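**Q** Predicted coordinates and the sequence they were generated for:
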Amino acid sequence: MSEIRELYQELILDHNRNPQNFKPLPGANHHSEGFNPLCGDHYHIYIKTDENNIIEKITFDGKGCAISKASASLMTSFLKGKTVEEAIRAFESFHDVVTGKIDPETGMAELGKLAVFAGVRDFPVRVKCASLAWHTMKAALTETETVISTE
Amino acid sequence: MNTDIKTQTPTDIFNAAKARLDFPALHQEVHGRPLVYLDNAATTHKPASVIEAVNRFYQRDNSNVHRGVHYLSQKATGQYERARETVKRFINASDQSEIIFTRGATESVNLIAQTYGRNFIRAGDEILISEMEHHSNIVPWQILCEQTGATLKIIPFTDSGEIDLNVYQKLLNPQVKLVGIVHLSNTLGTINPVTEMVKMAHAQEIPVLIDGAQSVAHIPVDVQAIDADFFVFSGHKVFGPTGIGVLYGKLDWLKQLPPYQGGGDMIHSVTFEKTIYADVPHKFEAGTPNIAGAIGLGAALEYLTSWSMDEIVRYEDDLLRYATAKLRNVEGLSIIGEAQAKAGVLSFALEDIHPHDIGTILDMEGVAVRTGHHCTQPIMDHYQIPATTRASLAFYNNRADIDALMQALQKAIEVFR
């Protein structure tokens, strides 16, 4: 049970029950759609940046498991007010932590609350759930593709 | 064994504990818990006799088939063709050459789509499949429709997960050139009335392909009684190896179909001017086949035949009822698929808990289930859900497995409460 609690920390469960920024964003100037065909997770990320490349507003909607939904909720809260460059850097740190490439102690320092997702690295099949919103956000900002898939 | 059977429950009659001992992989721990394997619709475990048959082939008899005059080649050919004979007996085909070895049910459907399609499907024709088909009995027909300009038509199912035969009757018309129906739904557990559906199609001279991927291991299959024109299944879902499957086709049909792939072993003679194809079944088996796989499948079917299929049906039905009653007691849980004729597949959805989260928590408790759309996205669309959790039974499962599932499910509910 302890490993399960390690993955499903209270913060994750809270954000799953009451996701933040869980709505479409009229006036968004960046948008992307993310799929995980394996389990049916499906999210839209909406972003409004200002003329200085600062993320003014960021929201999401869609459906998915607790990990993916909490990740999207915490990510949107975290990125609000950050620059596009900072968001991309955060994507890389987050990705490295959940895939176990770097130690959560060091990598998570700059990620604050997002440290709760460090437990995911022990559940390889769930890494995609945690990172789906992040990949979708990155796609929205870099506009390489408008629909991304984990497969 | 001679006591009055009526006083016994199916659990007493069928010795699942003995069956369980035959499957080495069932006896292991996962995350420090005894494995509870409830993902049999994805793949079944293999009895020791199958593992041994494959092993023995590579250890002693390895050689190519239908080629050499040498001792080992003849031995390998003999075993490969005996496996074909075993399959023929198992599904009660009328002739051994009606059995074609493929990579699996998926390849079998593709084979028919491409060969039958090439000779018999034209623009404007219709191909009729059901709403509860596995993607493997949808996509090959979509590809064929794209190639030919034919149209794919869908037989809907009701919310309980049953095909409405009146609607099916209305969809049958002279434009329909082939019907494809799943025998036993991998997501809903529905056992479709295939014999009746074949009869209805045949009344209008429409051939029918039955996807038996899930049925062969769980209900008796007699292709002649069903009167199926084509019947497909995979070895690995019936206790055999992966990478081997079967296409059964009525001899009359198979003779009318062109080859699927070209290559060695499927020819009678080759010159650059003209190639004469081998007779069925070899015409459809280009290249060196999965010899060990076929031998393993033969061993699996022989193993299964050592049990009584009627007893397996009664035992699994008892287990299904036991599990269904338990699941119905869980607040906020809905069972997806409640057909009258149903086999041991339990798909369910829990309010507010995503199947993927349930799957992870169950796994930590040693309980293996499948979560997702089970390659049946149209079924998910029907119920407007993204995914289900699915526990699927085999005859080596028992009530303790169901109890373990229920306990693990309670843990998931506790985490999310």
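**A** Okay, I see it. Predicted model, so just to flag it, every value in this text is computed and none were measured.
**Q** quick one: contacts for the residue in the stretch 101-250 of chain B that chain A sits nearest to?
**A** Closest approach between the stretch 101-250 of chain B and chain A, counting by C-beta to the nearest C-beta: residue B:135, at 11.0 Å. For the C-beta atoms, the positions are set from N, CA and C on the backbone; glycine is no exception. Residues in contact with residue B:135 (C-beta atoms under 8 Å, 6 or more residues apart in numbering or on different chains) are B:375, B:376, B:377.
**Q** what do you get for residue B:333?
**A** Taking C-beta under 8 Å, 6+ apart, one finds B:327, B:348, B:349, B:350, B:351 in contact with residue B:333.
**Q** State the phi and psi torsions of it.
**A** phi -100, psi 130 (degrees, to the nearest 10).
**Q** Might you report the residue contacts of the most far-flung residue of chain B relative to its centre?
**A** No residue in chain B has its C-alpha farther from the mean C-alpha position than residue B:273, which lies at 41.2 Å (C-alpha atoms, centre = their mean). For residue B:273, no contacting residues are found, by C-beta under 8 Å, 6+ apart.
**Q** do you know how far it is from chain A?
**A** The gap separating residue B:273 from chain A is 46 Å, by C-beta to the nearest C-beta, to the nearest Å.
**Q** Assign a three-state SS to that residue, would you?
**A** coil (DSSP: H, G, I helix; E, B strand; the rest coil).
**Q** Look at residue B:307 and say how many residues are nearby.
**A** By other C-beta atoms under 10 Å in any protein chain shown, 16 other residues sit near residue B:307.
**Q** Actually, residue B:205.
**A** Around residue B:205 there are 9 residues (other C-beta under 10 Å).
**Q** Please tell me how far it sits from residue B:232.
**A** To residue B:232, residue B:205 is 21 Å away according to C-beta to C-beta, to the nearest Å.
**Q** Quick check on the contacts of residue B:333: which are buried?
**A** The neighbour-count criterion (16 or more other C-beta atoms under 10 Å in any protein chain shown) marks B:327, B:348, B:349, B:350 among the contacts of residue B:333 as buried.
**Q** right, and the last one touches residue B:330 too?
**A** Yes. If you go by C-beta atoms under 8 Å, residue B:350 and residue B:330 touch, sitting 7.3 Å apart.
**Q** hey, what's in contact with both of the two?
**A** B:409, B:413.
**Q** and stretch B:304-319, average pLDDT?
**A** For stretch B:304-319, mean pLDDT rounds to 95.
**Q** Please point out which parts of stretch B:370-380 sit buried.
**A** B:370, B:371, B:372, B:373, B:374, B:375, B:376, B:377, B:378, B:379, B:380.
**Q** hmm, who's touching it?
**A** A:38-40, B:39, B:41-42, B:131-136, B:138, B:154, B:185-188, B:336, B:347, B:355-356, B:358-359, B:386-390, B:392.
**Q** Go again with 7 Å.
**A** A:38-40, B:39, B:42, B:131-132, B:134-136, B:186-188, B:355-356, B:358-359, B:386-387, B:389-390 (C-beta atoms under 7 Å, 6 or more residues apart in numbering or on different chains).
**Q** Dump it to PDB, keeping only the CA atoms.
**A** The C-alpha trace of stretch B:370-380 is given here as PDB (Å, rounded to 0.1, in the frame of the first residue of the first chain):
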ATOM      1  CA  ARG B 370      -6.600  -5.100 -18.500                       C
ATOM      2  CA  THR B 371      -7.600  -1.500 -18.600                       C
ATOM      3  CA  GLY B 372      -8.300   0.600 -21.600                       C
ATOM      4  CA  HIS B 373     -10.500   0.300 -24.700                       C
ATOM      5  CA  HIS B 374      -9.500  -3.300 -25.400                       C
ATOM      6  CA  CYS B 375      -9.100  -2.600 -29.100                       C
ATOM      7  CA  THR B 376     -12.800  -2.000 -29.300                       C
ATOM      8  CA  GLN B 377     -13.100   1.800 -29.400                       C
ATOM      9  CA  PRO B 378     -16.600   1.700 -31.000                       C
ATOM     10  CA  ILE B 379     -17.800  -0.100 -27.900                       C
ATOM     11  CA  MET B 380     -16.400   2.700 -25.700                       C
END
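**Q** Could I get the pLDDT score of the residue lying closest to residue B:345 once chain neighbours are set aside?
**A** In space, residue B:345 comes closest to residue B:189 once its chain neighbours are excluded; the distance is 3.3 Å by C-beta to C-beta, 6 or more residues apart in numbering or on different chains. Looking at residue B:189, its pLDDT is 98.
**Q** Residue B:189 against residue B:341, yeah?
**A** No. In this structure residue B:189 lies outside contact range of residue B:341 using C-beta atoms under 7 Å: 9.1 Å.
**Q** Between the two, which has more neighbouring residues?
**A** residue B:189 (28 against 13).
**Q** Report the contact partners of that one.
**A** By C-beta under 7 Å, 6+ apart, the residues touching residue B:189 are B:337, B:339, B:342, B:343, B:344, B:345.
**Q** at 6 Å instead, please
**A** By C-beta atoms under 6 Å, 6 or more residues apart in numbering or on different chains, the residues touching residue B:189 are B:337, B:342, B:343, B:345.
**Q** Backbone dihedrals for it, please?
**A** phi 80, psi 0.
**Q** What distance do you get for it to residue B:349?
**A** Residue B:189 is 15 Å from residue B:349, by C-beta to C-beta.
**Q** same deal with residue B:392?
**A** Look at residue B:392 and residue B:349: by C-beta to C-beta, they are 16 Å apart.
**Q** Flag the shaky bits of chain A, pLDDT-wise.
**A** Along chain A, the parts satisfying pLDDT under 70 run over A:1, A:104-109, A:144-151.
**Q** who in it is up against chain B?
**A** Applying C-beta under 6 Å from any C-beta of the partner chain, we find that chain A lies next to chain B at A:3, A:4, A:8, A:39, A:40, A:63, A:65, A:66.
**Q** If you tally nearby residues, what's the number for the first one?
**A** Going back to what we said before, that points to residue A:3. 15.
**Q** lowest average confidence, helix or strand, in chain B?
**A** Counting by mean pLDDT, DSSP states H and E, the weakest-scoring helix or strand in chain B turns out to be helix B:10-13, with a mean of 56.
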